[in-house]
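**Student:** have a look; sequence and predicted model below, questions after that.
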Amino acid sequence: MDVTFKKWKCRANGKYYANGRKAIFLDDIEDGSPVAVATINIPEKHLEDNQVCIKDYSNNIGMALALIQAGIIKDNILNMVPCGYVEVSVYELTEKALKELWPSE
């Protein structure tokens, strides 16, 4: 799925191999170079299989809005979880994102 994040046109993909959770990595559409990691893997926090923690602070400000506009996450925050010195938002993935980004699951 394509995402416009700040000035970059990106393609979303990913999975955390350590625990199998869904990840969202954004790579530049033109050259495939990495642009951003949209998610945070917090292994000690329980998440449903259709949920992700979105990094929407620091260099990633605006990430949640970009993912909502791309149809990857729904536009309501389900929960806030502590992560170091910040809290991150938990969002639900859309059905379209689940089918396109993780089709074999």
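**Tutor:** Received it, and whenever you're ready, just let me know what you need. All of these numbers come straight from a predicted model, not from anything done at the bench.

**Student:** and the strands in this structure, which stretches?
**Tutor:** Applying DSSP state E to the chain gives strands spanning 2-5, 8-15, 22-28, 34-37, 39-40, 51-54, 73-83, 86-93.

**Student:** and the last one, what does it pack onto?
**Tutor:** Going back to what we said before, that points to strand 86-93. strand 51-54, helix 63-69, strand 73-83 (3 or more Cβ pairs under 8 Å, 6 or more residues apart in numbering; DSSP states H and E). For glycine as for every other residue, the C-beta is placed from the backbone atoms N, C-alpha and C.

**Student:** which one of the ones you listed is the most hemmed in?
**Tutor:** strand 51-54 (a mean of 22; mean count of other Cβ atoms under 10 Å).

**Student:** please state the offset of stretch 33-43 from the chain centre?
**Tutor:** Offset of stretch 33-43 from its chain centre (Cα atoms, centre = their mean, to the nearest Å): 7 Å.

**Student:** same deal with stretch 70-90?
**Tutor:** For stretch 70-90, the distance to the chain centre is 9 Å (Cα atoms, centre = their mean).

**Student:** who touches it?
**Tutor:** 1-4, 12, 24, 40, 42, 45, 47, 51-57, 64, 67-68, 91-94, 96-97, 101 (Cβ atoms under 8 Å, 6 or more residues apart in numbering).

**Student:** what's the PyMOL line that selects buried ones from these?
**Tutor:** A single PyMOL command selects the buried members of those (16 or more other Cβ atoms under 10 Å):
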select buried, resi 1+3+12+24+40+42+47+51+52+53+54+55+56+64+67+68+91+92+93+94+97+101
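
**Student:** about what we covered before: quick one: the helices and strands packed on strand 86-93 as TSV, columns for mean pLDDT too.
**Tutor:** Shown next, in TSV, are those (pLDDT from 0 to 100):
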stretch	mean pLDDT
strand 51-54	96
helix 63-69	98
strand 73-83	95
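
**Student:** and the ones you listed: which comes nearest residue 32?
**Tutor:** Closest of those to residue 32 is helix 63-69, at 18.6 Å (criterion: Cβ to Cβ).
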